[in-house]
Each structure stands twice: as structure tokens, then as C-alpha cells.
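Enquirer: With the input below, show me the fold.
(chains A, B, C and D)
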There are 2 protein chains.
Amino acid sequence: MAAKSAKAVNGRARIPARSARGEKARDKLKQAAMVVLERVGYHKMRIADVTGEAGVAAGLFYHYFPDLKSLTLEVLEDFVASSHDIEDIEKDVPRGDWYERMLAHNLLIARAYAERPGITRCLLQMADEDPGFSRLLREHFIEQLGWLVKQMPRLFPEAGLTEHQALMVIYTLSGMGETLLRDYFVNRQPELTAGNLAVEEITELLTVMLYRGLFLQNPPVEKLRYTRNLQYMVRA
Amino acid sequence: MAAKSAKAVNGRARIPARSARGEKARDKLKQAAMVVLERVGYHKMRIADVTGEAGVAAGLFYHYFPDLKSLTLEVLEDFVASSHDIEDIEKDVPRGDWYERMLAHNLLIARAYAERPGITRCLLQMADEDPGFSRLLREHFIEQLGWLVKQMPRLFPEAGLTEHQALMVIYTLSGMGETLLRDYFVNRQPELTAGNLAVEEITELLTVMLYRGLFLQNPPVEKLRYTRNLQYMVRA
DNA sequence: TATAATATTGAATTTAAATTCAATTTCAAG
DNA sequence: CTTGAAATTGAATTTAAATTCAATATTATA
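Expert: Residues are numbered from 1 along each chain as shown, chains lettered A, B, ... in the order given. Here you go, the predicted model:
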């Protein structure tokens, strides 16, 4: 977890609380913001919503935050940082088992989408709003992919991939997840949710498609629980 | 091109011009909106920006549009509809040549991203803002994929795919393009643009990855111009 | 318990932008 | 050329929300 810095991605300085009591109130506002963001999203959020949810007077807001954007950035940065911590778990998976590693990675991401669709939506809203936050998110994303990108030259020495090409390939493949998960869990596109799939099923599908694109092979059938028939999806 | 309907995706009724002169002014406002949307995006656009760009008084706006959202929806729906027309071109490609068809399809999409990054960004902003527009965009997207989804049972009879599964597979694969193109052309992520690739190169990469995921094969090498080395990206 | 630092309140004010509309202009039809 | 329907103007008004701040409450510590 990163230490609290005076400046966020935003230009404006963080206004610190000057007592334990103040710190508590500041936190209360952040928690309230989390609730409001999940419910209505960034663009519809109002200061009165946050202070109302927190049960404090409107004026108190300015004691701790210069504006809504700073508060939102702080809340979302915390959220991203905490996912970061959680994602260390996937490091447990045996080194050589690529399918399991990808699956574990995707499952963590998919769970975040499924459990906090509103906040996930806000990550995209804020990335669209603020280049600094966009960069932060992207760096986090790329860092997550780093392990895979780094393995590429070793995995496929024949291909003679440049580092940039490796990044582009992984980036392209990862894009699959972003769109599918967003439209399934955040936007809940009826055409997709019609199948009423569990998070685990979506994740398996995603991982299978990723594995296929990368390795030009279907993953070992014995590892699959929902998508075994895809092994027959091959050019005749 | 769809006929002008009284109601848009939005709930509010369209306010028609009542003379040829009025029609011209109405169009001028729409063109101005297109310029402003490309420049600053939906959330930062103001009525004064539009009337200023069009060179008319602020009050005139309300003669033709109830609010900014209606204007924006009208403009973006026109844009989507016109891409629709353009995309018929790809039907020219020989039936059996899957790689060429996908390439043509992706090239059209990639060009839209490259030529109008701001408007493309607005499509996403508006889809996030308005469920009706989100549906419209998604239907258009799915319609574009329809040809591919429909072929799936025929292409892979062995796999015994359900219609929903076919859609999920194609949807997942198409997601690749969305993320990559957005981060390359709209957000211009430095890690991606570092390679300074032409639209054609990005499109080829995208299509190759799509083809691999779908057919579990690399496309015919003789068709590739920039990404031949990817044929060696195979699990040893 | 007195004091001072900090937190908290909420009504008053400011601000940016949307919205209205009476007055004026344009222009096509007769 | 006259007339009336429609277009156009821009200053005045309204609105929603942010922002300020004097008054009051709380708390730690001397």
C-alpha cells in the first residue's frame, strides 16, 4: 500500500486532517464517496450526495477535499492499489502452468468486475476524464501483464519478437477481457447475460480464447470444465 | 440511411425546422456540434460552444434542440448510421476468404478510430451515459459481427456450439480490437504509440490475433506484410 | 476546569451555465 | 410592394450546484 502523498495524480494538494477525529471524518467521506460512486457514477455524483451519505454538513467537505475530482481520484487510487495487493496471490500458481496462471489472473479481474460493477465503471470514467489517472491505470494494467510480456522472447525464441511487438500482442489479447467483462457485468448487455453464466464460466471462456491466441493451441482439455467443445473449433 | 424519426433514442421529441432556411441552420448546429465533440468531448461541451462554433446566437439553440444530449445523440446516431453504410463495402470481399474479410472489416473500424478519435471517444462516453444509445451501438456492433456468428455452426460443426456460445466467442475476440484501438488512437498510450505503427500495421496485427483465436491457425503467410514472424509464436 | 486548536454546522453567497422571451430581421408567397 | 410565418438575436432571468464563512461544538492537554 502506497504511503499517503501530498499530491495525487490530480494537480491539487491533498488537505490532511489535523487530528485523529478529523482523520475519521475524512475516511467517512471517502467511504461515502465509494457508495455514491458505485450507485450513480462519477458524472452524476454531487457534493451533497457525499455529505448526505456520510451524514455530515455540506461545508465539511471542503475541510478535507478541494473538489469532487480529488476525492474521487483518492478513492479510486486506493481501490486500484488494493487490487494490486490482492493480485499477488496469483503468484502462487506453479511457474510452468500457463493456463492456470492466466486463469487465476483473469478470475481476479472478473471478480472485481462482478462485485463492484459501479466502481469499475468509474475507473473507466475517470480514465477518460483525466490523463494522469489513465496513465496510472494503464501502468497498473501493463505491470500486471509484465510477467507475460517478459516471458515472450523465452517462450517463442523462433519468432524473434521485439519488446514492443510482444507488448502489442499481449495488449491485444488482454483487450478481449476488458470489453467482454465490461459489457457483461457493467453494462449487462442482454444478449450476453441471456446465457446467465457464472463468473467462473466467463473466466474460463476468456482464458481459453486468450490461450488459443497466444499459443495457437487449445488448453489441455482435462483442465476445462465448461468449454471443452471449443477444442473442436479448428480450421478444417 | 435511416429516415428522420420524431423521437430519438432519447426520450425527448425532435424539434423540426419549419423552412428550408431553418433546416440549414439546424444542420449548421449539428456540424458545429461535431466539431466541438471532436475537440472537447461530450462532458465538457457547452451550449455556448456549439452556438459560438456555428456563429449564431445562444437562443437559437432551443429553436432546434431541447438540450445538449439530444443534439449529441442525433449527431452520433448519424455518425453510426453512416459508418453502417460504409461497412457494406466489405461485402465485396470473396466469400470464402476469411482472413481478407476480417481484415477489411477491421480496417474500416481502425480508420474510423484513426480519423475521428474524438468522436469515437464520444461514442463511448454516450454509451456510458445513456442505456438506449448503448443498446444502439451494441446492436450495430453485433450486427456487424452477425455474419461471423452465423457462420460458426457451419464452420465448426464438430464443436456443437450453441448460438449464445458462438456470440460469446465472437464477442470476446472482437473485444481485442476495441481496447487496442481505443488506447492507441483515442488515448494514445505512449507505450503503444512508441512503435509508431501505421493503421494498416495495427489492423494486420489485430486480424492475425483474431484469426488465430478463431481458427487455431496463423493466417496464410503470403497474405501478411508486417507480422510474418508471428507464425512462429506457437507452443513448443 | 480553562484554553486553544480543530472540527462541524448550515444559512448566505457566488458562480457558471441553462433557459426564456420580447423585439427585430429575413424571406417566400401573394 | 405587402404581409405573415418563421428565424434570429441577445439581454434578462432562472436554476442547480459549488463555495464561503461566522457561529458553535468538541476534544486534548495544560
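Enquirer: residue boundaries of the helices in chain A?
Expert: A:20-40, A:47-54, A:61-64, A:68-86, A:98-115, A:117-129, A:131-155, A:163-181, A:190-193, A:199-215 (DSSP state H).
Enquirer: between those, which gets nearest to B:Glu53?
Expert: With respect to B:Glu53, and counting by Cβ to Cβ, the nearest of the helices of chain A is helix A:117-129 at 22.2 Å. The way it works is simple: take the backbone N, C-alpha and C, and place the C-beta from them, glycine included.
Enquirer: Could you export the helices of chain A as CSV, including mean pLDDT and distance to DNA strand D?
Expert: Below are those laid out as CSV (pLDDT from 0 to 100; distance: least, Cβ to the nearest atom of the strand, whole Å):
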stretch, mean pLDDT, distance to DNA strand D
helix A:20-40, 98, 5
helix A:47-54, 98, 4
helix A:61-64, 98, 4
helix A:68-86, 93, 6
helix A:98-115, 94, 27
helix A:117-129, 97, 15
helix A:131-155, 87, 19
helix A:163-181, 93, 30
helix A:190-193, 94, 30
helix A:199-215, 97, 35
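Enquirer: Compare the ones you listed and give me the one nearest B:Ala236.
Expert: Of the helices of chain A, the one closest to B:Ala236 (Cβ to Cβ) turns out to be helix A:131-155, at 8.1 Å.
Enquirer: Can you list the helices and strands that that closest one packs against?
Expert: helix A:68-86, helix A:117-129, helix A:163-181 (3 or more Cβ pairs under 8 Å, 6 or more residues apart in numbering or on different chains; DSSP states H and E).
Enquirer: list the helices and strands the second one packs on?
Expert: Yep, that's helix A:117-129 we're talking about. Packing partners of helix A:117-129 (3+ Cβ pairs under 8 Å, 6+ apart): helix A:20-40, helix A:68-86, helix A:131-155, helix B:117-129.
Enquirer: List the contacts of it.
Expert: A:34, A:37-39, A:41-43, A:69, A:72-73, A:76, A:79-80, A:112-113, A:133-134, A:137-138, A:182, A:185-186, B:41, B:43, B:121, B:124-125, B:128, B:187 (Cβ atoms under 8 Å, 6 or more residues apart in numbering or on different chains).
Enquirer: Surely A:Ala194 and B:His164 touch.
Expert: Yes: with contacts counted by Cβ atoms under 8 Å, A:Ala194 reaches B:His164, the gap being 6.2 Å.
Enquirer: Between these two, which is the more surrounded one?
Expert: Comparing A:Ala194 with B:His164 by other Cβ atoms under 10 Å in any protein chain shown, the one with more neighbours is B:His164, at 15 against 12.
Enquirer: What residues does that one make contact with?
Expert: Contacts of B:His164 by Cβ under 8 Å, 6+ apart are A:Ala194, A:Gly195.
Enquirer: 6 Å instead?
Expert: Applying Cβ atoms under 6 Å, 6 or more residues apart in numbering or on different chains to B:His164 gives the contacts A:Gly195.
Enquirer: Which single residue in chain A comes nearest to DNA strand C?
Expert: Nearest to DNA strand C, among the residues of chain A, is A:Gly59, at 1.7 Å (Cβ to the nearest atom of the strand).
Enquirer: Could you count how many residues lie near that residue?
Expert: Around A:Gly59 there are 9 residues (other Cβ under 10 Å).
Enquirer: if I look at it, how far off is A:Met45?
Expert: 18 Å (Cβ to Cβ, to the nearest Å).
Enquirer: what's A:Gln189 in contact with, if anything?
Expert: Counted by Cβ under 6 Å, 6+ apart, A:Gln189 has contacts A:Asp183, B:Arg138.
Enquirer: For it, grab phi and psi.
Expert: A:Gln189 adopts backbone torsions of phi -60, psi 120, taken as degrees, to the nearest 10.
Enquirer: Tell me the pLDDT of it.
Expert: Looking at A:Gln189, its pLDDT stands at 91.
Enquirer: again, but for A:Ala6
Expert: pLDDT for A:Ala6: 50.
Enquirer: And for the one 3 residues further on?
Expert: pLDDT, A:Val9: 74.
Enquirer: Distance check, the residue lying closest to it once chain neighbours are set aside against A:Ile202.
Expert: Nearest residue to A:Val9, sequence neighbours excluded (Cβ to Cβ, 6 or more residues apart in numbering or on different chains): A:Gly132, at 3.8 Å. The spacing between A:Gly132 and A:Ile202, counted by Cβ to Cβ, is 31 Å.
Enquirer: between those two, who's got more neighbours?
Expert: Set A:Gly132 next to A:Ile202 and count neighbours by other Cβ under 10 Å: A:Ile202 wins out with 25 against 15.
Enquirer: can you pull the contacts of the more buried one?
Expert: Residues counted as contacts of A:Ile202 (Cβ under 6 Å, 6+ apart) are A:Ala110.
Enquirer: re the thing from before, now the helices and strands packed on helix A:117-129 in a markdown table, with distance to A:Tyr232?
Expert: A markdown table is the format used below for the helices and strands packed on helix A:117-129 (distance: least, Cβ to Cβ, whole Å):
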| stretch | distance to A:Tyr232 |
| --- | --- |
| helix A:20-40 | 41 |
| helix A:68-86 | 36 |
| helix A:131-155 | 26 |
| helix B:117-129 | 35 |
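Enquirer: hey, which of those is tucked in deepest?
Expert: Ranked by mean neighbour count under mean count of other Cβ atoms under 10 Å in any protein chain shown, the helices and strands packed on helix A:117-129 are led by helix B:117-129, which reaches a mean of 20.
Enquirer: CA atoms only for stretch A:123-137 - export them in PDB, please.
Expert: C-alpha atoms of stretch A:123-137 as PDB (Å, rounded to 0.1, in the frame of the first residue of the first chain):
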ATOM      1  CA  LEU A 123     -12.400   3.600 -13.300                       C
ATOM      2  CA  LEU A 124     -13.200   4.000 -17.000                       C
ATOM      3  CA  GLN A 125     -15.000   7.300 -16.500                       C
ATOM      4  CA  MET A 126     -12.000   8.700 -14.600                       C
ATOM      5  CA  ALA A 127      -9.500   7.300 -17.100                       C
ATOM      6  CA  ASP A 128     -11.500   9.100 -19.800                       C
ATOM      7  CA  GLU A 129     -11.600  12.300 -17.700                       C
ATOM      8  CA  ASP A 130      -8.000  12.500 -16.500                       C
ATOM      9  CA  PRO A 131      -4.900  11.600 -18.500                       C
ATOM     10  CA  GLY A 132      -2.900  11.200 -15.300                       C
ATOM     11  CA  PHE A 133      -5.300   8.600 -13.900                       C
ATOM     12  CA  SER A 134      -5.500   7.000 -17.300                       C
ATOM     13  CA  ARG A 135      -1.700   6.500 -17.200                       C
ATOM     14  CA  LEU A 136      -1.800   5.100 -13.600                       C
ATOM     15  CA  LEU A 137      -4.500   2.600 -14.600                       C
END
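Enquirer: Many thanks, I have nothing further to ask.
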